[in-house]
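Peer 1: all I have is the shape, not the residue letters:
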Ligand SMILES: C[S@@+](CC[C@H](N)C(=O)[O-])C[C@H]1O[C@@H](n2cnc3c(N)ncnc32)[C@H](O)[C@@H]1O
């Protein structure tokens, strides 16, 4: 391996791209697939990239004290220092000498002598003087923000929504690795057969406590299993399986999946339909490329005959379908995705309160546009993978207020989730079951 493709250099490169707007999971996939790394090195690059993003505000706080306020630091140089700091603070087994030497070597390889001296100087100054004590930060909000590396506005929003204790519990768990789960395809197999097959390939398999017909696996990629290749399972977070449970699909139903790509819920709905009784799911999304992804997934999951996928903005369904065509409508809306914070840790730094307000408008716009297409007595489910009430309860409440012909249905699930809800909607936070955060609401059209 030449110097400039060491795991640390690759992590710095990937992190610099993420700071420029790339998604961490896609960037990491690209970095790992374009270099021939051992398993150990792949895991190390992954750990450095996710770990540095997860702790970015904490690491930046430490770094601040060692960089003059007006000093310009190139993004990759800053990442080199953050990656070094991350290893020193969070990775017990990495020797300090290796961390320093590699960071300095990287600065030398990629930059000029001045950059090498700067990186060397900062690392040695930190070592001599020690890092500031985060617990001594006076402002309680800033202390939480730096401790958990979550922006202040997001902490305030959570505190207002769920109180201090629950907010801390959420913050404590968002940097844990995301669990991997699969949904069994009941059309072609049984949970028992899937469990047996996965175990024979060496996977650790646990039944889901969140969604029926699902398993949680260890972190070996499920996409490499035989059952995945054969379309006997699909990879889906457990909480993401709940909106379709709430939809109460019947075999002969006409279902509209208004925001469908990549098709996780489309294939889940399709498996509940009986094409002989006319059951069909119409899956919409914005772009042809996304439609192709839905179609490929439907093919792999053996449900292509029940899926009709088309590129269409859900706000423009008016001319396309006659009113009252569908028995069930799912709006799994575009959202901030803050429930997926474990899978995409950078999400917390990218979204702003303005984005959240803007998204609420889009979500209400989609709901308004699709509901005339629902039959009387039909069921509408609105769901998101976020944990903020602006995109969740507020949307559900406004929808009900503006559509008196709808009534709220209490969201029920097949497994017995702990249930102390005071609302009909279901909000799952990442600390509840170690799953993604999700929100589900359901409504019935009265007339
Ligand atoms: C949360 S994702 C859907 C996930 C999907 N339901 C699943 O289970 O795999 C939201 C999707 O909505 C799509 N989207 C955004 N605005 C839309 C619109 N106006 N009409 C239709 N789809 C839209 C996005 O492209 C994205 O694929």
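Peer 2: Good, I have the coordinates. Predicted model only: the values in this text are computed from it and were never measured.

Peer 1: residues contacting the closest residue in space to residue 50 that isn't next to it in sequence?
Peer 2: Closest residue to residue 50 apart from its sequence neighbours, by C-beta to C-beta, 6 or more residues apart in numbering: residue 345 at 6.0 Å. C-beta here means a position set from N, CA and C on the backbone, and glycine is covered the same way. With contact taken as C-beta atoms under 8 Å, 6 or more residues apart in numbering, residue 345 is in contact with 24, 50, 53, 54, 174, 175.

Peer 1: can you tell me how far the third one sits from the ligand?
Peer 2: Residue 53 sits 21 Å away from the ligand, going by C-beta to the nearest ligand atom, to the nearest Å.

Peer 1: now residue 331: which helix or strand?
Peer 2: Using DSSP states H and E, residue 331 sits in strand 326-332.

Peer 1: am I right that the residue nearest to residue 50 falls within a helix?
Peer 2: No: applying DSSP: H, G, I helix; E, B strand; the rest coil, one finds residue 345 to be coil, outside a helix.

Peer 1: what about the residue of the stretch 101-250 of the chain found nearest the ligand, how many neighbours?
Peer 2: Nearest to the ligand in the stretch 101-250 of the chain, going by C-beta to the nearest ligand atom, is residue 240, at a distance of 6.1 Å. When neighbours are counted by other C-beta atoms under 10 Å, residue 240 registers 26.

Peer 1: now residue 324
Peer 2: 13.

Peer 1: contacts only, for it.
Peer 2: Going by C-beta under 8 Å, 6+ apart, the list of residues near residue 324 reads 372, 373, 374, 375, 376.

Peer 1: name the element it belongs to?
Peer 2: Per DSSP H and E: residue 324 is located in neither a helix nor a strand.

Peer 1: find the nearest non-adjacent residue to residue 152, please.
Peer 2: Nearest non-adjacent residue to residue 152, counting by C-beta to C-beta, 6+ apart: residue 145, 4.7 Å away.

Peer 1: same question for residue 111.
Peer 2: In space, and not counting its chain neighbours, residue 111 is closest to residue 77: 6.6 Å by C-beta to C-beta, 6+ apart.

Peer 1: flag every residue of this protein that's near the ligand.
Peer 2: 258-265, 284-286, 290, 313-315, 332, 334, 366, 385 (C-beta under 6 Å from any ligand atom).

Peer 1: filter those down to the buried ones and express that as a ChimeraX selection.
Peer 2: What follows is the ChimeraX syntax selecting those of the residues of the chain next to the ligand that are buried according to 16 or more other C-beta atoms under 10 Å:
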select :258,259,260,261,263,264,265,284,285,290,314,332,334,366,385
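
Peer 1: can I get the buried part of the contacts of residue 324 as one ChimeraX selection?
Peer 2: If you want just the buried ones from these in ChimeraX, going by 16+ other C-beta under 10 Å, the selection is:
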select :373,374,375
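
Peer 1: can you tell me which of the contacts of residue 324 is nearest the ligand?
Peer 2: Looking at the contacts of residue 324 and their distance to the ligand, the nearest is residue 373, at 13.3 Å (C-beta to the nearest ligand atom).

Peer 1: surely the closest one touches residue 326?
Peer 2: Yes: with contact defined as C-beta atoms under 8 Å, residue 373 counts as touching residue 326 (5.3 Å).

Peer 1: circling back: how far away is the residue nearest to residue 50 from residue 387?
Peer 2: According to C-beta to C-beta, to the nearest Å, residue 345 stands 15 Å off from residue 387.

Peer 1: and if you look at residue 343?
Peer 2: Computed as C-beta to C-beta, the residue 343 to residue 387 distance reads 14 Å.

Peer 1: what segments of this structure are strands?
Peer 2: For the chain, strands defined by DSSP state E occupy the ranges 180-184, 205-207, 214-217, 233-235, 254-257, 280-285, 307-311, 326-332, 374-384, 406-409, 426-428, 438-445.

Peer 1: can you put the ones you listed in a markdown table and add mean pLDDT?
Peer 2: Below are the strands of the chain laid out as a markdown table (pLDDT from 0 to 100):
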| stretch | mean pLDDT |
| --- | --- |
| strand 180-184 | 96 |
| strand 205-207 | 97 |
| strand 214-217 | 97 |
| strand 233-235 | 96 |
| strand 254-257 | 98 |
| strand 280-285 | 98 |
| strand 307-311 | 98 |
| strand 326-332 | 98 |
| strand 374-384 | 98 |
| strand 406-409 | 97 |
| strand 426-428 | 95 |
| strand 438-445 | 97 |
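
Peer 1: domains of the chain?
Peer 2: Dividing the chain into domains by automatic domain parsing, as the record does, gives the ranges 3-132, 148-173, 180-235, 239-445.

Peer 1: please identify the deepest-packed of those.
Peer 2: Of those, the one with the most neighbours on average (mean count of other C-beta atoms under 10 Å) is domain 239-445, at a mean of 20.

Peer 1: now do the same end-to-end measure for that one.
Peer 2: One end of domain 239-445 sits 25 Å from the other (C-alpha to C-alpha, to the nearest Å).

Peer 1: measure the residue nearest to residue 111 to the ligand for me?
Peer 2: Using C-beta to the nearest ligand atom, one gets 36 Å for the distance from residue 77 to the ligand.

Peer 1: for that residue, report the pLDDT, please.
Peer 2: Here, the pLDDT recorded for residue 77 equals 97.
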